[in-house]
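>>> structural data only, the sequence is not supplied:
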C-alpha cells in the first residue's frame, strides 16, 4: 500500500519523469531510470489509493461540493457571428464562453474590448478563457496578448507556446497575474502526451500550467482521467471533447459515445481540486455549419454527469 501511494506521489509530481502507456500497462520512468509497471488491475487499486491521498473515497467523490462552471469553446460556433454565438451559448445552457482569437481578436482596441464585454454581460455569461494563443520568442508580441487579456478581464490564456517563449511567459504571468494553460493538440504536435506538458512546466511559475484537451489526449492514446490526475495543481483548463478511436485519425463524437468517461472526468476534477474559476469548456468540432443539436446533447450529458 505504501509503495503504491509513493508511486502515485511520484506520478503526480510528474516533472522529470517519462510516461508511456499501452492498453494494458502503464510504465513510469523516474529520474533514477528505474521502471515501475502496473497492470490494469493494479491501476484500479492505484487510482483508489490516490483518492485517499486527497482525502476523498472514490465512491463518494461525486458528492463533493465541487463548483463547476460549464462553458463552451467558441471554436464550436465558428460559423456564427459574435452576437449569434453569444445568443446560442446562452440558449444552450452554458454559463461561460472561452473565446478563440478569430471571434475576439487580441488586436481589438480598448473600446472594442469594452463592447464585447458588455455583450457578454448582457447575455449573463462569463469569459472563462481565451485561446488557443501562439507565443514565441517575441517578447513584445507576447506582452500584447497579456495586455489584451488584462483589459478583457481574462484570467486564463489557453496557449501553444514555443519552447523559446517560456522565459518571456515566466515574466508575464508574474507581472499580470494571468495563467497560461498549455493546450495539447494530438499526435504530431509538440504537446502530444501529458509528459510533454509536464516537462514544459517543470521549474516554472505555478501560473504556467495546462489546458487539457481530453479529445486530443484520446487521439494520443492517453486516458483522460489519468491525465487529469497527473496535472493536479497545474490544471487551469479543460476541453471536454470525445473521439471514437484512440488514434491519430479519429472521428469526433457526442460526449460519452467514444472513449471519454464523462462521470469519471468530473469525479477526477473534483478530486484534484480543479479551480472554481478554471475554464471548463465543451468543444465540439464536428458539423460546424449546424452543430446546435449535437452540442445540446453534449450539454445534457455533461450536466447529468455533474450531478451523479
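Yep, that arrived. Worth saying up front: this structure is predicted, and the values here are computed from it rather than measured.
>>> and the strands in this protein?
Using DSSP state E, the strands of the chain run over 18-22, 25-29, 35-39, 70-73, 96-99, 126-135, 156-161, 179-183, 208-213, 235-240, 242-243, 252-253, 279-282.
>>> neighbours of the nearest residue to residue 101 once chain neighbours are set aside, how many?
Spatial nearest neighbour of residue 101, chain neighbours left out: residue 133 (6.5 Å); criterion: C-beta to C-beta, 6 or more residues apart in numbering. From N, CA and C alone the C-beta is placed, and that goes for glycine too. When neighbours are defined as other C-beta atoms under 10 Å, residue 133 has 22 of them.
>>> list the residues that contact residue 133.
Counting by C-beta atoms under 8 Å, 6 or more residues apart in numbering, residue 133 touches 101, 106, 145, 157-160.
>>> farthest pair in these?
106 and 160 (13.9 Å; C-beta to C-beta).
>>> show me the shaky parts of the stretch 51-200 of the chain.
51-65 (pLDDT under 70).
>>> quick one: contacts of stretch 124-131?
With C-beta under 8 Å, 6+ apart, stretch 124-131 has contacts from 69, 71, 86, 89-90, 94-101, 104, 106, 117, 120, 148-149, 152-159, 181, 183, 211, 236-237, 277-281.
>>> show me how to select, in ChimeraX, the buried members of those.
Buried subset of the contacts of stretch 124-131, written as a ChimeraX selection, criterion 16 or more other C-beta atoms under 10 Å:
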select :71,86,89,90,94,95,96,97,98,99,100,101,104,106,120,148,149,152,154,155,156,157,158,159,181,183,211,236,237,278,279,280,281
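>>> wait, what's in contact with residue 220?
184, 186-187, 192-193 are the contacts of residue 220 under C-beta under 8 Å, 6+ apart.
>>> phi first, then psi, for it.
Dihedral angles of residue 220 (phi, psi; degrees, to the nearest 10) stand at phi -90, psi 10.
>>> how about residue 223?
phi -90, psi 120.
>>> dump the residue contacts of residue 294.
By C-beta under 8 Å, 6+ apart, residue 294 lies in contact with 254, 284, 286-287.
>>> could you do residue 77 as well?
84-85, 88-89, 103, 291.
>>> residues making contact with stretch 275-282?
By C-beta under 8 Å, 6+ apart, stretch 275-282 touches 67-73, 76, 94, 96, 98, 128-129, 155-156, 158, 181, 211, 235-241, 255, 269, 274, 295, 298-299, 302.
>>> on that earlier part again, in helices only, show me the contacts of residue 294.
Among those, no member is found in helices (DSSP state H).
>>> and the nearest residue to residue 131 once chain neighbours are set aside, what are its bridge partners?
Distance criterion C-beta to C-beta, 6+ apart; nearest residue to residue 131, sequence neighbours excluded, is residue 158 at 2.6 Å. Counting by DSSP bridges, residue 158 is bridged to residue 181.
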